[in-house]
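Colleague: I need the structure of the sequence given here:
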Amino acid sequence: MATTSKNLFGFHAVGVRIKTAPKSVYEVFYDVQRRDARMRQFTDRARDSGIKLVESDGLRLAKMCGSHGHQGVVARVDALAQVTSLDELLENLEASGITNPLLLVLDGVTDPHNLGACLRVADGAGAHAVIAPKDHAAGINAIVSKVASGAAETMPYFMVTNLARTLNELKERSIWCVGTADDAEKTIYDVTLTGPVALVLGAEGEGMRQLTRKTCDELVSIPMHGAVESLNVSVASGVCLYEALRQRRAVEPKI
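Modeller: I've put the predicted structure just below:
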């Protein structure tokens, strides 16, 4: 599959790529004015991996990645080949003997910082993919990659044309679609998440679109006991995904 080059920035995003796919890294530009221990450790690791290091300055790095949040590190890399569709991913999981996929569905999340954080928590909780609609949703860019701390490279992210139709297709595969809503009677702790599950979350404030909500098999809430009425979508994703992980670990056979 053909790949294209792109820029990654930030210690985590670049460090994960060097660790997982060093041959895909053309070169790393680093701020020569930054001489702290973290930078020394990073450049030593890059050299040990045989990666070309290019001395640079903060202004050039900011121009390369379109952000001043580069932390002094920008890498030119090959975009890694990914599975091309959600169907392909699910079929690969089934062929690998994974019968209880865990998916995160985001409806209306347009902030790249929120998307990056969601990808990071999805990766940490062992989700198999993140799904979003093509319209009214953030795509993968340099900011998402930095916030995701490497997870944008490892977590499959599918933007689909029709989210409600995709949820129905998941249901046809016996994947239970559990949406979050503040007014739901059950909480995330009242439902079983050990089987094939897609957790569906909307943007903070607006929540899921009405059609997305109607398409879900079940609605749950996250208990809120303080003054605030809702959680940031990435925090809510973490609560839901890690509850699923907790339940799944509890039923795993002890070896």
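
Colleague: When you work out contacts or count neighbours from here on, use the C-alpha atoms and nothing else.
Modeller: Noted.

Colleague: Please give me every residue in contact with residue 148.
Modeller: Neighbouring residues of residue 148 by Cα atoms under 8 Å, 6 or more residues apart in numbering: 13, 115-120.

Colleague: Tell me the one of these nearest residue 87?
Modeller: If you rank those by distance to residue 87 using Cα to Cα, residue 119 comes first, at 19.5 Å.

Colleague: Residue 33 versus that closest one, what's the distance?
Modeller: 32 Å (Cα to Cα, to the nearest Å).

Colleague: Tell me which of the two has more neighbours.
Modeller: Higher neighbour count among residue 119 and residue 33: residue 119, with 31 against 11, using other Cα atoms under 10 Å.

Colleague: hang on, the earlier thing: most neighbours of all the contacts of residue 148, which one?
Modeller: residue 119 (31 neighbours).

Colleague: May I see the buried residues of the lengthiest helix in the chain?
Modeller: Assignment by DSSP state H gives helix 233-251 as the longest helix of the chain. For helix 233-251, a neighbour-count test (16 or more other Cα atoms under 10 Å) marks 233-234, 236-245, 247 as buried.

Colleague: now swap in stretch 186-197 and tell me
Modeller: For stretch 186-197, by 16+ other Cα under 10 Å, it's 186-189, 193-197.

Colleague: Mind checking what secondary structure the most far-flung residue of the chain relative to its centre has?
Modeller: The centre of the chain is farthest from one residue, residue 33, which by Cα atoms, centre = their mean lies 32.1 Å away. Put simply, residue 33 is coil when judged by DSSP: H, G, I helix; E, B strand; the rest coil.

Colleague: That one touches residue 55, doesn't it?
Modeller: No - the pair residue 33 and residue 55 fails to qualify as a contact (Cα atoms under 8 Å) at a distance of 9.1 Å.

Colleague: Report the secondary structure element holding residue 60.
Modeller: helix 58-65 (DSSP states H and E).

Colleague: could you dump the very next helix or strand once past that helix to CSV, C-alpha only?
Modeller: On the C-terminal side of helix 58-65, the closest following helix or strand by DSSP H and E is strand 73-78. What follows is strand 73-78 as a C-alpha-only set of coordinates in CSV (Å, rounded to 0.1, in the frame of the first residue of the first chain):
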residue,chain,number,x,y,z
VAL,A,73,11.2,17.8,18.3
VAL,A,74,9.7,17.4,14.8
ALA,A,75,10.1,14.2,12.7
ARG,A,76,9.6,13.6,9.0
VAL,A,77,8.0,10.2,8.7
ASP,A,78,6.2,7.9,6.3
